[in-house]
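> After the sequence you'll find the predicted model.
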Number of protein chains: 2
Amino acid sequence: MNRQGKKITIRELAEAAGTSAATASLVMNGSWKQHRINPDTAERIRVLAQQLGYQPNQRARALRLSRSSLSGLIIPHHRNRFFAGLAEHFEHESHRRGLIPIIGSTQRVPEIEDKVGASMIAQEVEFLVLAGIRNPSKINAMSRRAGVRCVNLDLPGKDTFSVVTDNMGGALELTRRLLAGLPLNAPVMFLGGRMREYATDLRIEGFHAALSETGRAKTSATVLCCGYDPQAARDALQRIIDAGNDLPAALLVNSITAFEGFATLWRDHPELFSGIRVACFDWDPFASCLPIETIMLRQDVEGLIGRCFDWFDAGQERAGELVLVPPRVVLDNYPPDRNK
Amino acid sequence: MNRQGKKITIRELAEAAGTSAATASLVMNGSWKQHRINPDTAERIRVLAQQLGYQPNQRARALRLSRSSLSGLIIPHHRNRFFAGLAEHFEHESHRRGLIPIIGSTQRVPEIEDKVGASMIAQEVEFLVLAGIRNPSKINAMSRRAGVRCVNLDLPGKDTFSVVTDNMGGALELTRRLLAGLPLNAPVMFLGGRMREYATDLRIEGFHAALSETGRAKTSATVLCCGYDPQAARDALQRIIDAGNDLPAALLVNSITAFEGFATLWRDHPELFSGIRVACFDWDPFASCLPIETIMLRQDVEGLIGRCFDWFDAGQERAGELVLVPPRVVLDNYPPDRNK
DNA sequence: AACTTCTGCTAAATCCATTTAGCATATTTC
DNA sequence: GAAATATGCTAAATGGATTTAGCAGAAGTT
């Protein structure tokens, strides 16, 4: 075979076959017929390539063709079902198109977002998806300058095409179910996320719409945007208790990470939560096993990634346009009789 | 700036500065001092590079230097805390070394494993970590041939250095706690994983060792290796019930995915599980909130990735050697009084 | 004035695969 | 038998950055 640790080049392959590198290249890339290479020669080269374990140097190839064969996805982190699901589908769709996926996480820190974005662009990814980036304009602009096709996912931006979950519709549906049959004067709360952030604002809007529908005043509900950190959500609830107040009768939690804070507090002090109804704008298999009736919303991860690649495949610009993907309500741990 | 969608090359940068490409390259790579480039010239080039937004073409650079600046991690999937944690730490450590991490998942399908491995090697990653690959020998061999440094994580192999959790010690500790105070004749069970697979076998060994310690016969416990699929684990338990038998009094679940099957069955039929004690060789924040006393084991994700990079940094071969990383017992949802 | 030494820079080769234009033979046509 | 056509292949340019060997000219030395 080849020398230890050294990859064989097309020139060596050609030499072994007694041809020129050009011939070998034409054969390896399947365009030998148009170039009238003798079928026997082609076969000989193909067999030899197999035997010698010839693998074209991807970097030389990419340089020549100006195609990196890379695709990039940026997510806040891996440690939640939503982003992990995005990662898996992104991988799958990338492979289907012969692209090698690079996934980078940023912990939602803007500086890291920019750095990871820049590094993906420096790698000349052919397609870049920005998921959950609060302010994607900067990376959108860098992409445009570098000629990298870039789409925003989950949180949109005006500088390129965006794909997002139907946040308002989802929150409306979720809140409707949460309020069904609840006394009009029962205290209701929205917990987690960040004010003035696209997704959170729309979810609050859906939440308020459901309140109005049922004859409740917007002001009758508490909205507590404490970010996405589990501990922050827990602390927010704890402070209510410490202040001597009761927890709400119905609670809409804005993300699975905030829900984690809720869950650990519930675990440690279940007595505080008796009779509470909960809904969560996200889904997790274990969360759906907790013995708290929780209405969960499963975002359509496959659909979201699918729309991104549709845009990529179509090759249209559509800057500023938005595609909404509806989420699905999940009632895993609802008692069957209320599972209409 | 540069023309739309076209990146500026070092030759254009050099032209703008009125120098040769060689000079520009020397300046951009910091080796200009050794080459007696005039500090003024160097400064001029640096300023211009900034203004024009010059970014060296990574592919040309990689081709010339035979360094891809890529690192690769292969995992079964993203959708669980253990592998997601590995991914995040791998990313972090890669960035610290100026490497761009590529993460690929394989759904534990051998054909996909080989394909993803081959594609990483074709990309000439400088460092490759194979996590949770049952039979890494093939990819180990491919790596060696291509001169790619490769380490096995979680499941070891004899062909290169391996880093694994202390499965036996962990299972021993976990089982000890599971059995503490349990009547000698209470039925005990081990659920999930795959027979003859390194990790599972060692965990069973630890499980048996704890049985012996407490005066129980190996044969007194049931070992049910039904793989890693949640549904398979659930079905395995369901079959016991369908056969008219009781579930065990103490259950050691071999992975978080199998635990998911256990959890959904428990959710749907809690009455079947009264008084059961459970331990799980893995951890998940929501799982640790279930109102079932569960002894969980949190693998040291950071330590595992850390040992991999230590090996990479040291540059030694150590083929076949094994490093054990101890896991940590977590008792999140244990009542405080038993939380010694 | 003839020499060495130093300064500041560059030409050219290199990494490897791809692709176009075109060169020899061989074969066919009238 | 000369011209036209077909066959099978290759030389050379290309992509962009890196690096070595070495060229001019200035400055210093005796």
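Yep, that arrived.
> how near is residue A:68 to chain B?
Distance of residue A:68 to chain B, computed by C-beta to the nearest C-beta, to the nearest Å: 7 Å. For every residue, glycine as well, the C-beta is placed using N, CA and C.
> same question, residue A:219
32 Å.
> and if you look at residue A:297?
Applying C-beta to the nearest C-beta to residue A:297 and chain B gives a distance of 16 Å.
> thought that residue was touching residue A:170?
Yes - judged on C-beta atoms under 8 Å, residue A:297 makes contact with residue A:170 at a distance of 5.3 Å.
> intersection of neighbour lists for the two?
Taking C-beta atoms under 8 Å, 6 or more residues apart in numbering or on different chains as the contact rule, residue A:297 and residue A:170 both touch A:281, A:327.
> Look up how far residue A:241 lies from residue A:271.
11 Å (C-beta to C-beta, to the nearest Å).
> Please identify which of the two sits among more neighbours.
residue A:241 (13 against 6; other C-beta atoms under 10 Å in any protein chain shown).
> The helix or strand harbouring the more buried one: which residues count as buried?
Element membership for residue A:241 (DSSP states H and E) is helix A:230-242. Neighbour-count burial for helix A:230-242 flags A:230, A:233, A:234, A:236, A:237, A:238, A:240 (criterion: 16 or more other C-beta atoms under 10 Å in any protein chain shown).
> ok, the first one - contacts?
Translated: residue A:230. Contact partners of residue A:230, counting by C-beta under 8 Å, 6+ apart, are A:257, A:258, A:260, A:261, A:264, B:285.
> which one of the residues you listed is nearest residue A:178?
residue A:258 (15.4 Å; C-beta to C-beta).
> Could you report the neighbour count for the closest one?
If you count neighbours by other C-beta under 10 Å, residue A:258 ends up with 28.
> count of neighbours near the closest residue to it other than its chain neighbours?
Closest residue to residue A:258 apart from its sequence neighbours, by C-beta to C-beta, 6 or more residues apart in numbering or on different chains: residue A:192 at 3.0 Å. By other C-beta under 10 Å, the residues close to residue A:192 number 31.
> what's residue A:192 in contact with, if anything?
The contact partners of residue A:192, taken as C-beta under 8 Å, 6+ apart, are A:224, A:225, A:226, A:227, A:228, A:233, A:253, A:254, A:255, A:257, A:258, A:259.
> Helices of chain A, residue ranges please.
With DSSP state H as the criterion, chain A has helices at A:10-17, A:21-28, A:39-52, A:58-65, A:81-96, A:110-122, A:137-146, A:167-179, A:198-213, A:230-242, A:256-268, A:301-314.
> which of those helices sits most buried?
helix A:256-268 (a mean of 24; mean count of other C-beta atoms under 10 Å in any protein chain shown).
> That one to helix A:230-242, inter-axis angle?
With axes from the mean of the first three to the mean of the last three C-alpha atoms, to 10 degrees as the basis, helix A:256-268 and helix A:230-242 are set at 50 degrees to each other.
> Extract the CA atoms of helix A:256-268 and return them as PDB.
Extracted C-alpha coordinates of helix A:256-268, given in PDB (Å, rounded to 0.1, in the frame of the first residue of the first chain):
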ATOM      1  CA  ILE A 256     -37.200  24.000  28.500                       C
ATOM      2  CA  THR A 257     -34.200  25.500  30.400                       C
ATOM      3  CA  ALA A 258     -36.400  27.700  32.500                       C
ATOM      4  CA  PHE A 259     -38.700  24.700  33.000                       C
ATOM      5  CA  GLU A 260     -35.600  22.900  34.400                       C
ATOM      6  CA  GLY A 261     -35.500  25.500  37.200                       C
ATOM      7  CA  PHE A 262     -39.200  25.000  37.800                       C
ATOM      8  CA  ALA A 263     -38.800  21.300  38.000                       C
ATOM      9  CA  THR A 264     -35.900  21.300  40.500                       C
ATOM     10  CA  LEU A 265     -37.800  23.600  42.800                       C
ATOM     11  CA  TRP A 266     -40.900  21.400  42.500                       C
ATOM     12  CA  ARG A 267     -38.800  18.400  43.300                       C
ATOM     13  CA  ASP A 268     -37.400  20.000  46.400                       C
END
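> Touching it from outside, list them.
Taking C-beta under 8 Å, 6+ apart as the rule, helix A:256-268 contacts A:80-82, A:191-193, A:226-238, A:251, A:253, A:272-273, A:278, A:280, A:282-284, A:287, A:290, A:292, B:285-286, B:288-289, B:291, B:332-333.
> just how off-centre is that helix within its chain?
With C-alpha atoms, centre = their mean, to the nearest Å as the basis, helix A:256-268 stands 22 Å off its chain's centre.
> Low-confidence regions, chain A specifically.
A:1-5, A:333-340 (pLDDT under 70).
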